[in-house]
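Enquirer: below: sequence and its predicted model.
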Amino acid sequence: MNEECILCSRIAEVSKVPGWGEYSVECATCGNYTYDDFFKTAYTSIEKDKRAMISAYTRECFELGMEPPKLGNPDHLKEKIEEYKNKTIEEKLDNLILYLKKKSSYLGDCVAWDEKKDYPITYSPYPQEFTKIRNLAKERNLLYWKSRDSGLELSGEAWELAEKLEKEPEMEIGRKSGQFLKALYELTEGNENNIRDMWKIGKSLGFPNSLTNKIGQYLEGEKFIIFRTDQGEISIKHNGVKKVENALSKKDEVEPKDKKIKADPKKVFVVHGRNEKARRAMFDFLRSVDLKPIEWEEAVRLTGEGASFPQQVLDKAFETAQAIIILITGDDIAKMRDEFILPKDTKYERNLSIQARPNVIFEAGLAFGRDPKRTILVELEKENTRPFSDIYGRLTVRLSNKVESRKKLIDRLSTVGCETNIDAKQDWITTGDFDCAVIKFKGNEKINIPSKENRYNKIIHDLPEYYFEVLEFIADQPDSSINEDNIFKYFESKKKSKVELNIMKAQFEDNRLIIIPDPGYGVMRWRITRHALLILDHYRKKKK
């Protein structure tokens, strides 16, 4: 029969469950769920924003193919409201990404979305909050959509994020179950006949009842615990005791340093410059052939050090990834200085030409030194970047939107041991716009180097007037240098504090106006620079 859904008040199909005081609901917005009379009475007194939290829970179960929830336990209801109400915007964004991934058949699939009806899936009390979450996802290049009411499409980065999120619940239960089992072991002192309340252990560890329930089921399935009653009274089994004691005995063991970590044939380490369009195109393309790209900052995190050396980062990258791609893009403009040009030098030495960032060139050298067989050079076909001689003559993949060039890169990746997959789908033919990433270079760009006069005028404009009096005072000394104590005295005569003196000293050093040589006999001296003398001369001329 058609009645109102008690969660969203829309018309739904409601039927009474035979033999029980329960009702089954099929709602287009909230999904399928059951409830009893007690729940209906309790729920109707709850504010609308809290109702949306329960609707989010039932909708998630329905859309993700989980068993329809039974709404009846008031503690369970309260727990769900608190759990969802306290979710951060970041957690809600993760939930949206995970939901869209599960609803997508493949990367690039567009998932239908009605903002007015579907907002609870992000655990948002109102549609307006969902709009903020959606816009945040767009700013981070995680979502695409053509118009306000169109479907939502995940980017390659979002797809990879969703894959990580899918693994997190299992990993969390695995981690938390270890804590739970250890707590049970300590409470029972490993006695298999000592019975404890599962819910109290979970509460002492700060776990919500839903997580405690999952952990209990997991540990029972692994035969580490046994349920003594239906109310959650449990005891540890012999296998559980062995598990904890083995973990405790291995706690201080250190893994051998020479243990070799096998590279993941699905992972590729990408070195790139500042051309974000090229980087995004490469990452999306690699994902379209079932590979997982990582970049420099991610490899830095893998080292576990805040100030790691480039060689350490590359070593960790090669432990993790099967191949390194050096993505060469024309981010810089350079030429040979005129005084060093030789008659035999080519056009790109004589004229301004585009080249890769210095860090990309440096990291390319490190990669070739580490393992040239697993290093792949990639350039954009429509860019003519300035070559660097150490790799001149090596085969470089000239990449574009053409199928042949894409296939060439896939072949190179397969040759070095990457497990690519292009048989099941054809996304790789169009995913990643490499032609759009090309930044055209006309050849007549000029490097704007300010003239000496402009540089001098800027320094004169930025520094206070009395700074130049101090510079003149130092310049008038016999050797254009002075004891720092005399500077202090001169400064005090101008009624300036030591704080102001230290500020002036720092600004002088920043602008290369003074140098402070190593002190002799403990005496600190300020020496005016030739650069400062030229500026001072320019200052005097301007004053006249």
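Expert: Cool, the structure landed. Numbering: from 1, shown residues only.
Enquirer: all strands for the stretch 51-200 of the chain, in order.
Expert: Assigned by DSSP state E, counting those that start in this stretch, the strands in the stretch 51-200 of the chain fall at 70-71, 110-111, 143-144, 152-154, 196-197.
Enquirer: and for the stretch 401-544 of the chain?
Expert: Under DSSP E, counting those that start in this stretch, the stretch 401-544 of the chain gives strands at 481-483, 514-515, 525-528.
Enquirer: for the longest one, buried residues please.
Expert: If I follow you right, that is strand 525-528. By neighbour count on 16 or more other C-beta atoms under 10 Å, the buried set for strand 525-528 is 525-526, 528. Placement of C-beta: from N, CA and C, glycine included.
Enquirer: and it, what does it pack onto?
Expert: Packed against strand 525-528 by the contact rule (3 or more C-beta pairs under 8 Å, 6 or more residues apart in numbering; DSSP states H and E) you find helix 465-475, strand 481-483, helix 484-493, strand 514-515.
Enquirer: out of these, which one sits most buried?
Expert: The highest mean neighbour count among these, using mean count of other C-beta atoms under 10 Å, belongs to strand 514-515: a mean of 20.
Enquirer: break this protein down into its domains, please.
Expert: The chain breaks down into these domains under automatic domain parsing: 2-85, 89-154, 161-249, 264-429, 452-543.
Enquirer: where in the stretch 351-500 of the chain is pLDDT low?
Expert: 388-395, 442-451 (pLDDT under 70).
Enquirer: at 50 what do you get?
Expert: 390, 392-393 (pLDDT under 50).
Enquirer: mind listing the helices for it?
Expert: For the stretch 351-500 of the chain, helices defined by DSSP state H, counting those that start in this stretch occupy the ranges 358-370, 403-415, 452-462, 465-475, 484-493, 498-510.
Enquirer: CA atoms only for the shortest one, dumped as CSV, please.
Expert: Coordinates of the C-alpha atoms in helix 484-493 are reproduced here as CSV (Å, rounded to 0.1, in the frame of the first residue of the first chain):
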residue,chain,number,x,y,z
GLU,A,484,79.8,47.1,14.6
ASP,A,485,80.0,48.8,18.0
ASN,A,486,80.6,52.1,16.3
ILE,A,487,77.5,51.4,14.1
PHE,A,488,75.5,50.9,17.3
LYS,A,489,76.7,54.3,18.7
TYR,A,490,76.0,56.1,15.4
PHE,A,491,72.5,54.5,15.3
GLU,A,492,71.7,55.5,18.9
SER,A,493,72.7,59.1,18.0
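Enquirer: what is that helix packed up against?
Expert: helix 465-475, helix 498-510, strand 525-528.
Enquirer: now swap in the third one and tell me
Expert: Taking 3+ C-beta pairs under 8 Å, 6+ apart as the contact definition, the neighbouring helices and strands of helix 452-462 are helix 530-543.
Enquirer: what does the average pLDDT come to for the helix it packs on?
Expert: On average, the pLDDT along helix 530-543 is 86.
Enquirer: does E13 touch C30 like I think?
Expert: No - applying C-beta atoms under 8 Å as the test, E13 and C30 come out as separate, 11.7 Å apart.
Enquirer: between the two, who's got more neighbours?
Expert: C30 (26 against 14; other C-beta atoms under 10 Å).
Enquirer: who touches the more buried one in this structure?
Expert: Residues near C30 by C-beta atoms under 8 Å, 6 or more residues apart in numbering: 5, 7-8, 12, 55, 58-59, 62, 120.
Enquirer: among those, which two are most distant?
Expert: Spatial extent of those (C-beta to C-beta) is set by the pair A12 and P120 at 14.5 Å.
Enquirer: on that earlier part again, in JSON lines, list the helices and strands packed on helix 484-493 along with distance to G190.
Expert: Output for the helices and strands packed on helix 484-493, formatted as JSON lines (distance: least, C-beta to C-beta, whole Å):
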{"stretch": "helix 465-475", "distance to G190": "76"}
{"stretch": "helix 498-510", "distance to G190": "65"}
{"stretch": "strand 525-528", "distance to G190": "74"}
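Enquirer: looking at those, which is nearest to K182?
Expert: K182 lies closest to helix 498-510 among those, at 54.8 Å (C-beta to C-beta).
Enquirer: buried ones in the closest one?
Expert: Residues 501, 504-505, 507-508 are the ones in helix 498-510 that count as buried (16+ other C-beta under 10 Å).
Enquirer: just give me the closest of those to A112.
Expert: Q507 (60.7 Å).
Enquirer: how about that closest one, nearest residue that isn't a chain neighbour?
Expert: Excluding its sequence neighbours, the residue lying closest to Q507 (C-beta to C-beta, 6 or more residues apart in numbering) is L463, at 6.6 Å.
Enquirer: can you tell me the helix or strand for the residue nearest the centre of the chain?
Expert: The C-alpha lying nearest the average C-alpha coordinate of the chain belongs to E298 (C-alpha atoms, centre = their mean; 7.8 Å). Assigned by DSSP states H and E, E298 falls within helix 296-303.
Enquirer: which parts of that helix count as buried, going by neighbours?
Expert: Within helix 296-303, the residues scored as buried using 16+ other C-beta under 10 Å are 296, 299-300, 302-303.
Enquirer: adding distance to D435, write those residues out as a markdown table.
Expert: Conversion of the buried residues of helix 296-303 to a markdown table gives the following (distance: C-beta to C-beta, whole Å):
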| residue | distance to D435 |
| --- | --- |
| W296 | 25 |
| A299 | 28 |
| V300 | 31 |
| L302 | 33 |
| T303 | 35 |
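Enquirer: any chance of these in a markdown table with pLDDT and distance to F491 as columns?
Expert: Listed next are those as a markdown table, based on pLDDT from 0 to 100; distance: C-beta to C-beta, whole Å:
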| residue | pLDDT | distance to F491 |
| --- | --- | --- |
| W296 | 72 | 47 |
| A299 | 77 | 50 |
| V300 | 74 | 45 |
| L302 | 74 | 52 |
| T303 | 75 | 48 |
